[in-house]
Structure formats: structure tokens, C-alpha cells
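Asker: I would like the atomic coordinates for the input below:
(chains A and B)
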There are 2 protein chains.
Amino acid sequence: MIKMYGFWRSAASFRVRAALNLKGLAFEEEMINLDANAQHDPAYEALNPHASVPSLIVDGGTPLTQSMAILEYLEEKYPSPALLPADPNGRARVRSLALLWAADYHPLIVPRVRAYLAATMGQDEAARTAWVKHWFREGLATGEKYLANDPLTGRFCHGGSVSFADLCLMGQAMGARVFKVDISDLPTVSRIVENCLKLDAIQRALPLNQPGAPK
Amino acid sequence: MIKMYGFWRSAASFRVRAALNLKGLAFEEEMINLDANAQHDPAYEALNPHASVPSLIVDGGTPLTQSMAILEYLEEKYPSPALLPADPNGRARVRSLALLWAADYHPLIVPRVRAYLAATMGQDEAARTAWVKHWFREGLATGEKYLANDPLTGRFCHGGSVSFADLCLMGQAMGARVFKVDISDLPTVSRIVENCLKLDAIQRALPLNQPGAPK
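Answerer: Numbers count the residues shown, from 1 in each chain, chains lettered A, B, ... in the order given. Reported below is the predicted structural model:
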């Protein structure tokens, strides 16, 4: 029995939800409403000291935190279908791409950072929106540099199979879409996003298809 | 033959350098001077499209990028001594702690972010320094919440062996020290940092012990 704590808008929740779907694992998801600061409820903080989503509890075990650590756990425990290639260099390439988005860019736009920009740096909503759009754009444009003209790039970020890299790319790309970031000049990224959107497991994981999302 | 491209101050370079030392792997390091923008030299960008350090080339192969992807590669290729525990829950805990620092906090203080705060948000040096200190402090204080009172915490972040988590903690803690961030009220983090500093492999990897560092 797999229980996930997530939030509809969270890119990190999307990554784990999509991995669970791709691996065909049944799970139950409880939404932690970040807009109502529910991540700071003492009961949730006891489970996740970082007060972040997602968290995952497998068979009543210790709560797992941090989406990329959860993806690695799922890959080790439920290896098929694989979301990492088998060869060491391929694994390193997929993890590097995944971390480009999950580590270098996504953390810049989360609630605690936007709160600091507002409260401590006095940045108004327009400046904060420009910040968010800038980093969405930078992350996807840097990804384009990695992916374009690399023979290892295929239908997806790495060949013909969905991997951790695609899950992280999609988390960023779906956020960028909400903020109307133009990525039409990034052909490789745009093409892979469209290919991911054709997959039912991805569709069912999309932020806008979760309970609580705006219609 | 292992060739690393790093920079003395880079926490991400420290992580990989320390892992190589701990695993007893000989390597040659070329410093990419971030203060002179050498990461944007076309020859280096061809090797690392993200223009970041570190990069690692093993036996003349494809350049590897992103420190956490490199750590996973090294763990798979040179498993002993292990920097991840053997049990799935332990691995997930170590990776979660590592990513807390490497993904959630470290990316907030890198050059491209400080440049945006200065150029686009008009934040002066005092405001930028306050930003850096705030996130160093937050990352280490959140780590304390994870580590304190958890029976899995030992001499190091996870039991009695150095792991990915300690390498990421040390990267943050050494940066915090340069900025004179007070962490004396974080007893578990402070204790683990002191234990790490007793290791020769860590000492040899420390930022201030690299060529180019201030005396």
C-alpha cells in the first residue's frame, strides 16, 4: 500500500506521481494545500521535517522525502519498467539532465523563496513573476543546449524511453506553461514535451488534472 | 585516468573531490576560475553546456556533469568504500538529506542567482550577503531538524560511515563558515561537521585547501 502526500501544483509531486503511474503502482494521494500553509501543520512536519511535498509512505514504513530520492527508491524497489538506462554513462546523463531542472532551477521558484523576495527584498508581484518566468526560461533553454544535436537524445530526453529526465523536464515545462513562458524557439524541448503529453501515465499525473487545480 | 574540472570555492566541486578522495581514486583537477567567468569559455561550455563546475572525465569518456549525478556514477563504478548504505530505506534517507542541501539550498546562492539579484532586482551587496547567509542558515537549521533525535543519525549523518549526505552537509557548512553564519545552536550539525573535519580525505578536499583559495 503506497500513500503519497502531494499538491496539485507541485512539480516535485508531479515527478513522483508520474513515476508511480509509469511503473503501474497503485497509490492513494492526500493533498497538502500549500496555499493554506498546510505543509506547516505539526502533524505533517512530524512526517516531513522540511515541510515540503511530496512525501511517500510504502507499506507503512518510514516516510520518504525529496522527490529525487523517492524516484531512486522506486527504481530500486520496482525496477520494471525502468526509468533509468542500464549503462553507467546513460544513467549519469539522465541524472544530470534531471538534476539540471530539479536541483538547479526548480528550487528557485518555490514558496519560501518567493516569500523572501516579497518580505525581505520588497519585490512586488510583477518582479516576483518576472523572477519565476526568468528561471523557468533559463532552465528550459539550458536543457535545449544539452539535448539539441546530441545523438543520445531521441523521442524522449534519452533515447526512446521515458526517464527521470523527462519527469523533471515536464515538471518545469508545465510550470512554464502556466506562466506563459514562450519556449517556441526551443525545438528539442518542445518536441519532447509533446511526446510526453501523449502518454496516459503522464496525463493522469499532470498538475491541472489533480483535485484542487483550477478548471 | 580521472580528470576533474572544478573551482576551489564551489561546494559542488568539494562533494566530488571528497568522494574521489574517500574512494582512494587518483585524479587530476583543473580549476575553472568562476571569478573570471572561465565557465563560459566556449571550450569549457562545449564540455559542460550548463557552464558549471564540476565536470568529470573518466578514462577519456563523455564528460559527466552535475555533482549528484557524478556521485551516483562513482558509487556504481567504484562501490567500495560505499558512500550509500546498502538498505533501501537507508539509501533513501541519505539521498534525501543530501538533496536537502544540494538541491533545495545550494542552488539559491550560486553566481547566476546573485547576478540576477544585483542586475535585475537592484539588490546591493549587503542585501545579497544577507540572502546568502539566510539560505545557508535555513539549510543547516532544517538539516538539524532531520538529524536531531533520529536514532539513525550517528557519528555522521547516517550511522558511523561517511555518506553523500555528509559531503553535501560539509559543502554547505564550509560556505556558511566563510560568511560567518552562526550555527552554534545546531548541535547535531555542528558535531557532524567536526567529525568530518577529522578525516584526511575531507581535509584534502576542503575549499580553502585548494589552489587559488585565499590564504
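
Asker: Return the distance of A:Arg17 relative to A:Ala26.
Answerer: Separation of A:Arg17 from A:Ala26 (C-beta to C-beta, to the nearest Å): 12 Å. For the C-beta atoms, the positions are set from N, CA and C on the backbone; glycine is no exception.

Asker: Who has more neighbours out of the two?
Answerer: Just comparing A:Arg17 and A:Ala26: by other C-beta atoms under 10 Å in any protein chain shown the higher neighbour count belongs to A:Arg17, 27 against 8.

Asker: next one: phi and psi at the more buried one?
Answerer: Main-chain torsions, A:Arg17, degrees, to the nearest 10: phi -60, psi -40.

Asker: Local confidence estimate at A:Lys215?
Answerer: pLDDT recorded at A:Lys215 is 81.

Asker: Distance-wise, check it relative to chain B.
Answerer: 31 Å (C-beta to the nearest C-beta, to the nearest Å).

Asker: Nearest residue to A:Val58 in space, please, no chain neighbours.
Answerer: Computed as C-beta to C-beta, 6 or more residues apart in numbering or on different chains, the closest residue to A:Val58 that is not its neighbour in sequence is A:Ile2, at 5.4 Å.

Asker: didn't that neighbour look like it was pressed against A:Pro54?
Answerer: No. A:Ile2 is beyond contact range of A:Pro54, at 11.3 Å (criterion: C-beta atoms under 8 Å).

Asker: Contacts for the lowest-mean-pLDDT helix or strand in chain A, please.
Answerer: One helix or strand of chain A scores below all others by mean pLDDT, DSSP states H and E: helix A:42-47, with a mean of 93. Residues from elsewhere that reach helix A:42-47, judged by C-beta atoms under 8 Å, 6 or more residues apart in numbering or on different chains: A:Tyr5, A:Ile32, A:Ala38, A:Gln39, A:Ala51, A:Ser55, A:Pro63.

Asker: Would you state the helices of chain A in chain order?
Answerer: For chain A, helices defined by DSSP state H occupy the ranges A:11-22, A:42-47, A:67-77, A:88-99, A:111-119, A:125-147, A:164-178, A:187-197, A:200-203.

Asker: quick one: which of those is nearest A:Gly154?
Answerer: Closest to A:Gly154 of those, according to C-beta to C-beta: helix A:187-197, at 8.9 Å.

Asker: roughly how far out does the closest one sit from the chain middle?
Answerer: Here the centre of helix A:187-197 is set off from its chain's centre by 15 Å, with C-alpha atoms, centre = their mean, to the nearest Å.

Asker: average model confidence for that helix?
Answerer: Computed over helix A:187-197, the average pLDDT equals 98.

Asker: packing partners for that helix?
Answerer: With contacts taken as 3 or more C-beta pairs under 8 Å, 6 or more residues apart in numbering or on different chains; DSSP states H and E, helix A:187-197 sits against helix A:125-147, helix A:164-178.

Asker: Any idea which of the ones you listed gets closest to B:Ser184?
Answerer: B:Ser184 sits nearest to helix A:125-147 of all the helices and strands packed on helix A:187-197, at 33.0 Å, using C-beta to C-beta.

Asker: and the closest one with helix A:88-99, angle?
Answerer: Interaxial angle, helix A:125-147 versus helix A:88-99 (axes from the mean of the first three to the mean of the last three C-alpha atoms, to 10 degrees): 170 degrees.

Asker: Is chain B within reach of helix A:125-147?
Answerer: Yes. Interface with chain B: helix A:125-147 contributes A:Ala127, A:Ala130, A:Trp131, A:His134, A:Glu138, A:Thr142, A:Lys145, A:Tyr146 (C-beta under 8 Å from any C-beta of the partner chain).

Asker: which residues touch the nearest residue to A:Gly6 once chain neighbours are set aside?
Answerer: Sequence neighbours aside, A:Ser13 is the residue nearest to A:Gly6 in space, at 3.3 Å (criterion: C-beta to C-beta, 6+ apart). Contacts for A:Ser13 were tallied using C-beta under 8 Å, 6+ apart; they are A:Met4, A:Gly6, A:Phe7, A:Val53, A:Pro54, A:Ser67.

Asker: re the thing from before, quick check: which of the contacts of helix A:42-47 has the minimum pLDDT.
Answerer: pLDDT across these is lowest for A:Ala51, at 90.

Asker: Per-residue pLDDT of the closest residue in space to A:Asn89 that isn't next to it in sequence, please?
Answerer: Using C-beta to C-beta, 6+ apart and skipping residues adjacent in sequence, the residue nearest A:Asn89 is B:Thr62, 5.6 Å away. B:Thr62 is assigned 93 on the pLDDT scale.

Asker: Contact partners for the closest residue to A:Asp104 other than its chain neighbours?
Answerer: Leaving aside its sequence neighbours, A:Asp104 sits nearest to B:Pro107 (C-beta to C-beta, 6+ apart; 5.2 Å). Neighbour list for B:Pro107: A:Ala103, A:Asp104, A:Tyr105, A:Pro107, A:Leu108, B:Val113 [criterion: C-beta under 8 Å, 6+ apart].

Asker: if you set the cut-off to 7 Å instead, what comes out?
Answerer: Going by C-beta atoms under 7 Å, 6 or more residues apart in numbering or on different chains, B:Pro107 touches A:Ala103, A:Asp104, A:Pro107, A:Leu108.

Asker: Distance check, the first one against A:Thr188.
Answerer: Going back to what we said before, that points to A:Ala103. Distance of A:Ala103 to A:Thr188, given as C-beta to C-beta: 21 Å.

Asker: Name the residue in the two with the higher neighbour count.
Answerer: A:Ala103 (23 against 17).

Asker: Spell out which residues of chain A are next to chain B.
Answerer: Contacts of chain A with chain B, taken as C-beta under 7 Å from any C-beta of the partner chain, map to A:49-50, A:61-62, A:64-66, A:68-69, A:72-73, A:76-77, A:88-89, A:91-92, A:95-96, A:99-100, A:102-104, A:107-108, A:113, A:116, A:121, A:123, A:127, A:134, A:142, A:145-146.

Asker: Thank you kindly, that will do.
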